[in-house]
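>>> Any chance you could fold what I've pasted below:
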Amino acid sequence: MGFGGISIWQLLIVLAIIVLLFGTKKLRGIGTDLGSAIKGFRSSIKDDESKADDDHNGSPDQLKKPADSDAEQTSTSAKQKEHDKP
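Model (predicted):
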């Protein structure tokens, strides 16, 4: 017995029918697209994990309150606007 009562011969017959219906080029293209999608997904997860680790392990100087950084940006942009006026 195979998977859930399906024998290996039945799986081979189904595989042969799929190859006949879609052709090897189309199946190869689908496999390539699926592989690149999985690779992209894995790399984006690794990037997110590394960003989270960097944020978590940041130095105390880098860990500012969001309100403080917003206030600093607002005051800096206001000074720049005053400086840019003719």
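>>> can you give me the helices in this structure?
For the chain, helices defined by DSSP state H occupy the ranges 8-22, 24-56, 66-84.
>>> other SSEs contacting the first one?
If you count contacts as 3 or more C-beta pairs under 8 Å, 6 or more residues apart in numbering; DSSP states H and E, helix 8-22 packs onto helix 24-56. The way it works is simple: take the backbone N, C-alpha and C, and place the C-beta from them, glycine included.
>>> Now do the helix it packs on: which elements does it pack against?
Helix 24-56 sits against helix 8-22, with contacts defined as 3+ C-beta pairs under 8 Å, 6+ apart.
>>> mean confidence score for the helix it packs on?
Across helix 8-22, the average pLDDT comes to 93.
>>> returning to what we had before: determine which of the helices of the chain shows the lowest mean per-residue pLDDT.
helix 66-84 (a mean of 54).
>>> what number of residues lie near Phe22?
Neighbours of Phe22 under the rule other C-beta atoms under 10 Å: 13.
>>> Check the spacing between the residue nearest to it when sequence neighbours are not counted and Ser36 real quick.
Residue nearest to Phe22 in three dimensions, not counting chain neighbours: Ile30, with 7.8 Å by C-beta to C-beta, 6 or more residues apart in numbering. Counting by C-beta to C-beta, to the nearest Å, the separation of Ile30 from Ser36 is 11 Å.
>>> again with His56
Distance from His56 to Ser36, by C-beta to C-beta: 30 Å.
>>> and what of Ile45?
Counting by C-beta to C-beta, the gap from Ile45 to Ser36 is 15 Å.
>>> Kindly report the same for Asn57.
For Asn57, the distance to Ser36 - C-beta to C-beta - is 31 Å.
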